[in-house]
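Novice: sharing a model prediction with you, sequence too.
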Amino acid sequence: MNPMITPPIVTVGSQFLTDVLNGLQAEPKFLSSKYFYDENGDRIFQQIMEMDEYYLTDAEMEILQEQSSKLARFIAATDDAFDLIELGAGDATKSIHLLKALVQQQLEFTYLPIDISEHVISDLEENLPKKLPQLQMKGLNGDYFKMLKKAKEISDRRKVVLFMGANIGNMDLMEAEAFCLDLRNELSPNDLLIIGFDLKKNPQQILAAYNDAAGITRSFNLNLLHRINRELNGDFDVSCFDHYASYDPESGACKSYLISLENQTVNISDETIHFKKNEYIYMEISQKYALEEIDALANKTGFMPVHRFFDHHEYFVDAIWKV
Ligand code: AVJ
């Protein structure tokens, strides 16, 4: 076979390649944190959630462990049947407390976890019925908004949407506003959104959560370079990049960067990317909010803030918004 006409081996998601090249050919350079979560990334994120410095998980877990029956009563305020839709359900270790409370209160509902990862959905469908046999559920694997539309086709019941884990923090303020508007446009009067925000607090505490002593967050960021090497035929020398985290108490933006430690050249598929010494790649935002900013976001996007659930430190809030 003539090697000249051998087709190129482009195996994994060309969207990933397009996004990576687009970001690294931009000025300044950036990569999207949504690509952090390959198998290794998932594992490192589990380690992050177990770190002493990473207070977010414990805070939101406390809210769900201790206040789920109150949360359930809130959801059931109008006593009609509903669908509980969770965006980015993961392994549901937090939401299971709410599911238990809803089942216990004998409410008529179906749990519809949505996740972009197929194995997350199949794991949930296998494991949740073992833990909660009375639960009615149907997993939806795919894009949030596509699956939300599908959920509306399946039934016209009232919708209660869960968007926890401070996942909205990975959007900047403009993206968060656009996201909430899009979500609002998929919902109807009396639908609810339960949405988790990490709150502004002592800047040292926030920075430490994203700049941990053991360097776990550092390897979380560097893992994306390894992933590019593996999946996009890249040749990053990962040891020539360092992690830098910053927190700006004024805007509430916690950002992370990878810094090039040398003038260097990196090949990815057929492209060559040049880095100057000390040039940065913007990797991730974890936006922190004041309570007034959360209410303003609700009001601006057509929701009514109706209640807030805090952990006892008030590090975190699960806000209830009504359409
Ligand atoms: C999964 C978006 C909530 O921003 O706190 C943790 C991801 N990044 N450490 C966050 C993350 C670095 C996390 N969220």
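Specialist: Nice, I can see it. Numbering: from 1, shown residues only.
Novice: report the central residue of this protein.
Specialist: residue 167 (3.4 Å; C-alpha atoms, centre = their mean).
Novice: dump the residue contacts of the nearest residue to that one once chain neighbours are set aside.
Specialist: Closest residue to residue 167 apart from its sequence neighbours, by C-beta to C-beta, 6 or more residues apart in numbering: residue 88 at 5.5 Å. No exception for glycine: its C-beta is placed from N, CA and C like everyone else's. Residue 88 makes contact with 114-116, 144, 163-165, 167, according to C-beta atoms under 8 Å, 6 or more residues apart in numbering.
Novice: which of these fall in helices?
Specialist: Taking DSSP state H, the ones among the contacts of residue 88 that sit in helices are residue 144.
Novice: of the contacts of residue 88, grab the buried ones for ChimeraX.
Specialist: Buried subset of those, written as a ChimeraX selection, criterion 16 or more other C-beta atoms under 10 Å:
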select :114,115,144,163,164,165
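Novice: go back to the contacts of residue 88 and keep what's next to the ligand.
Specialist: Contacts with the ligand are made by 165, 167 out of the contacts of residue 88, judged by C-beta under 6 Å from any ligand atom.
Novice: which pLDDT value does the model give the residue nearest to residue 167?
Specialist: pLDDT for residue 88: 90.
Novice: give me the lowest-pLDDT entry from the contacts of residue 88.
Specialist: Among the contacts of residue 88, residue 116 carries the lowest pLDDT, at 81.
Novice: quick check: it vs residue 87, distance?
Specialist: 10 Å (C-beta to C-beta, to the nearest Å).
Novice: I figured residue 19 was touching residue 35, is that so?
Specialist: Yes. Here residue 19 reaches residue 35: they are 7.3 Å apart, a contact under C-beta atoms under 8 Å.
Novice: compare the two (neighbour count), which wins?
Specialist: residue 35 (20 against 16; other C-beta atoms under 10 Å).
Novice: so the residue nearest to the more buried one when sequence neighbours are not counted is in which element?
Specialist: In this structure, residue 35 finds its nearest non-sequential neighbour in residue 224, 5.8 Å apart by C-beta to C-beta, 6+ apart. Following DSSP states H and E, one finds residue 224 within helix 216-231.
Novice: hmm, that helix in reach of the ligand?
Specialist: Yes. Remark: helix 216-231 sits within contact range of the ligand at 217, 220, by C-beta under 6 Å from any ligand atom.
Novice: quick one: distance of that helix to the chain centre.
Specialist: Mean-position distance between helix 216-231 and its chain equals 17 Å (C-alpha atoms, centre = their mean, to the nearest Å).
Novice: so how far is the ligand from residue 102?
Specialist: Distance, residue 102 to the ligand, using C-beta to the nearest ligand atom, to the nearest Å: 24 Å.
Novice: these two touch, right, residue 142 and residue 113?
Specialist: No. Here residue 142 does not reach residue 113: they are 11.6 Å apart, not a contact under C-beta under 8 Å.
Novice: which one's more surrounded, the two?
Specialist: Shown here are residue 142 and residue 113; by other C-beta under 10 Å, residue 113 has more neighbours (27 against 14).
Novice: quickly list what the more buried one is bridged to.
Specialist: residue 86 (DSSP bridges).
Novice: could you check the angle the helix or strand residue 283 falls within makes with helix 216-231?
Specialist: Assigned by DSSP H and E, residue 283 belongs to strand 280-287. Put simply, strand 280-287 runs at 120 degrees to helix 216-231, going by axes from the mean of the first three to the mean of the last three C-alpha atoms, to 10 degrees.
Novice: ok, residue 285 to the ligand distance?
Specialist: Residue 285 is 8 Å from the ligand, by C-beta to the nearest ligand atom.
Novice: who touches that residue in this structure?
Specialist: Taking C-beta under 8 Å, 6+ apart as the definition, contacts of residue 285 comprise 33, 169-172, 253-255.
Novice: near the ligand, which of these show up?
Specialist: Checked against the ligand using C-beta under 6 Å from any ligand atom, the contacts of residue 285 yield the following neighbours: 169-170.
Novice: ok, and the most crowded of the contacts of residue 285?
Specialist: For the contacts of residue 285, the largest number of neighbours (other C-beta under 10 Å) sits with residue 254, at 23 neighbours.
Novice: double-check that residue against residue 283; I have them as touching.
Specialist: No. At 11.5 Å, residue 254 and residue 283 do not qualify as touching, with contact defined as C-beta under 8 Å.
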